[in-house]
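**Q** Next input, structure requested:
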Amino acid sequence: MKRALLASRWSVLLLLAFPSLSSSQDAFDVEKVLAEMASKRDSFDPAPLHKRGKEGLALLLDRLLPDTIEAGGPPATEKEIKDLIKRLSDVNPKVRQAATDRLIRAGRPFRNLVEEAARGGDADVRLRALVVLSAWKPPDRDVQQYAEAFHVYATSIKDRERLDVLARRSLRALDPGMPEGGRLALLRGTLRGVAQAGDDRYGKVFEPVLKHKDVRVPQLVLGALGSHGRGNTYFPALPPAGTRRSCPSCADA
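**A** Sure, this is the predicted structure:
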């Protein structure tokens, strides 16, 4: 009951934050794809999804890892973020919505400003600032049922454009710390998808992970890129067995 309530609350927040996503997903029925992934698991045929290219991957990850949604256009500035926060109380609902959308996609580097707004005096600003902060949290949706099919899809991605998306969004998903449950299974798929490219460029992309305060995170990434890549040499093999025992869930990366 509690999980269902949390999932329902997350869905409401996501729809409030991204009403435009529903229209985008009408052309590409993400829910239909997810249902097929859940039912077919490791026998899922990724060919139709591959035809959707980068857009299909992005929309799928928007549902599976919504806290990793990427901003479009140039990076936001502090001045822009402050202006967007002011617009959260605009009399025009479209202006308020556009500001919320942009904050979710581009406001992470200025989280302190959004947190300050969530404690402010204007009720509309507080509510929408909380929506933004909630969108940055890992979702309550259980993604375990999609993990096997997503692994089939991700490890058959060959083009650099989509591999870059996998790498960037994997990195963002790992920022809060070591994932658990279905999220861990899903991220193993994204990491293996990057690893199978055998491209040392992605070692550089994941380099910040090596300094993560949760030691299990770099171990997970090292396991995927070091052990499952075809020719990856940027990262060394996993640390000695004694180190691996500190992260049993990383052993199968």
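
**Q** looking at the chain, which residue lies furthest from center?
**A** Farthest-out residue of the chain from its mean C-alpha position, per CA atoms, centre = their mean: V91, at 32.0 Å.

**Q** secondary structure class for that one?
**A** For V91, the secondary structure call by DSSP: H, G, I helix; E, B strand; the rest coil comes out as coil.

**Q** And it, how close does it get to P75?
**A** Plainly put, V91 is 29 Å away from P75 if you go by CB to CB, to the nearest Å. The way it works is simple: take the backbone N, C-alpha and C, and place the C-beta from them, glycine included.

**Q** what residue ranges in this protein score low on pLDDT?
**A** 1-28, 71-73, 138-141, 226-253 (pLDDT under 70).

**Q** Who are the contact partners of the residue farthest from the centre of the chain?
**A** Counting by CB atoms under 8 Å, 6 or more residues apart in numbering, V91 touches no other residue.

**Q** measure it to L84 for me?
**A** Per CB to CB, V91 is found 16 Å from L84.

**Q** Now for the closest residue to E78 other than its chain neighbours: which residues touch it?
**A** Leaving aside its sequence neighbours, E78 sits nearest to F110 (CB to CB, 6 or more residues apart in numbering; 6.0 Å). F110 is in contact with 76, 78, 81, counting by CB under 8 Å, 6+ apart.

**Q** do the same with L166
**A** Neighbours of L166 in contact, by CB under 8 Å, 6+ apart: 57, 154, 157, 190, 193-194.

**Q** Sort out for me which of these are in strands.
**A** Using DSSP state E, no member of the contacts of L166 falls in strands.

**Q** Now the two most distant members of those.
**A** By the measure CB to CB, L57 and V194 form the most distant pair in those, at 12.4 Å.

**Q** hang on, isn't R183 packed against V143?
**A** Yes - in this structure R183 lies within contact range of V143 using CB atoms under 8 Å: 6.1 Å.

**Q** so what sits against both of these two?
**A** Contact criterion CB under 8 Å, 6+ apart; residues shared by R183 and V143: L65.

**Q** on that earlier part again, show me the contacts of L166 that map onto helices.
**A** Using DSSP state H, 57, 154, 190, 193-194 are the members of these that sit in helices.

**Q** Output those in TSV, with distance to K32 and neighbour count appended to each entry.
**A** Converted to TSV, the ones in helices among the contacts of L166 look like this (distance: CB to CB, whole Å; neighbours: other CB atoms under 10 Å):
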residue	distance to K32	neighbour count
L57	16	23
A154	19	26
T190	22	27
G193	22	26
V194	26	32
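
**Q** Tell me the one among those residues nearest to G203.
**A** When the ones in helices among the contacts of L166 are compared for distance to G203 (CB to CB), V194 wins out at 9.8 Å.
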